[in-house]
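Colleague: Dropping the sequence and predicted coords here.
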Amino acid sequence: MPPANGTGSVIMATRQTKPAANERLVTSNRKARHNYLILETIEAGLVLVGTEVKSLRLGKCNLMDSYARIVGEEVFLEKMNISPYDQGNRFNHDPTRTRKLLLNRREIRRLIGKIQEKGLTLIPLRVYFKDRTAKVELGLARGKRLYDKREAISRRESDRELQRATFRRR
């Protein structure tokens with residue numbers, strides 16, 4: 001089927017995740033889009049303890065090197081670092097503990113099939129509050145090779161040059 005723009009070429013749009021009006025971004029994993037090819041995104045709830053919520057509200061979270069793992073019919077987030085809450089004293093939590101994610105059973109089964117069949121992985125892309133609940137956006141991802149990263153960088157630079165040239169022309 002020919003593309004709708006009539007030029008004979010396919011235009012691919014990159015999807016930038018913009019927070020909705022009822023969402024407040026805590027942190028995002030910017031390196032994930034550089035290191036992985038994100039095929040699909042899934043929203044999941046986070047099971048947290050009290051001081052973790054307070055620390056998240058202050059924005060003290062790091063998603064570097066974190067990933068999601070499926071055990072049985074449950075999904076867990078590994079190596080996500082939520083810094084201890086300053087006024088938490090003895091009620092503070094372990095910063096890198098394994099946290100359970102809340103997904104529908106149907107979604108979990110579909111993810112199990114995709115991960116086993118195609119060799120994909122689940123990477124957290126961003127953590128945010130939607131209304132009053134903490135959510136994490138997971139990306140079903142495939143690792144990029146070095147030449148893929150170089151290609152993406154050269155494409156980004158050429159797009160930047162093209163934008164500069166069109167701006168100068170005006």
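Modeller: Received the coordinates, thanks.
Colleague: next one: phi and psi at the most centrally placed residue in the chain?
Modeller: Centroid check for the chain by Cα atoms, centre = their mean gives L125 as the closest residue, at 1.1 Å. Dihedral pair for L125: phi -100, psi -40, per degrees, to the nearest 10.
Colleague: What ranges does the chain have for its strands?
Modeller: With DSSP state E, the ranges of strands along the chain come out as 23-28, 36-46, 61-62, 67-71, 74-78, 81-82, 99-102, 121-130, 133-143.
Colleague: for this protein, which spans come out with low pLDDT?
Modeller: 1-20 (pLDDT under 70).
Colleague: longest helix of this protein?
Modeller: helix 146-169 (DSSP state H).
Colleague: Mind giving me the packing neighbours of that one?
Modeller: Helices and strands touching helix 146-169, by 3 or more Cβ pairs under 8 Å, 6 or more residues apart in numbering; DSSP states H and E, are helix 30-35. (Glycine included, C-beta is placed from N, CA and C.)
Colleague: So which bits of the helix it packs on are buried?
Modeller: Buried residues in helix 30-35, counting neighbours by 16 or more other Cβ atoms under 10 Å, are found at A32, R33.
Colleague: Using PDB, list the CA coordinates for it.
Modeller: The C-alpha coordinates for helix 30-35 follow below in PDB (Å, rounded to 0.1, in the frame of the first residue of the first chain):
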ATOM      1  CA  ARG A  30      17.500   8.600  28.500                       C
ATOM      2  CA  LYS A  31      20.200   6.100  27.700                       C
ATOM      3  CA  ALA A  32      17.700   3.300  27.100                       C
ATOM      4  CA  ARG A  33      16.600   4.800  23.800                       C
ATOM      5  CA  HIS A  34      20.300   5.000  22.800                       C
ATOM      6  CA  ASN A  35      21.200   1.400  23.900                       C
END
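Colleague: chain center to that helix, what's the gap?
Modeller: Relative to its chain's centre, helix 30-35 lies at 9 Å (Cα atoms, centre = their mean, to the nearest Å).
Colleague: neighbouring contacts of it?
Modeller: I38, L63, M64, I123, P124, L125, G139, A141, G143, K144, K149, A152 (Cβ atoms under 8 Å, 6 or more residues apart in numbering).
Colleague: returning to that earlier point: dump the strands of the chain to TSV, plus distance to G88.
Modeller: Shown next, in TSV, are the strands of the chain (distance: least, Cβ to Cβ, whole Å):
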stretch	distance to G88
strand 23-28	17
strand 36-46	18
strand 61-62	15
strand 67-71	26
strand 74-78	20
strand 81-82	11
strand 99-102	17
strand 121-130	19
strand 133-143	17
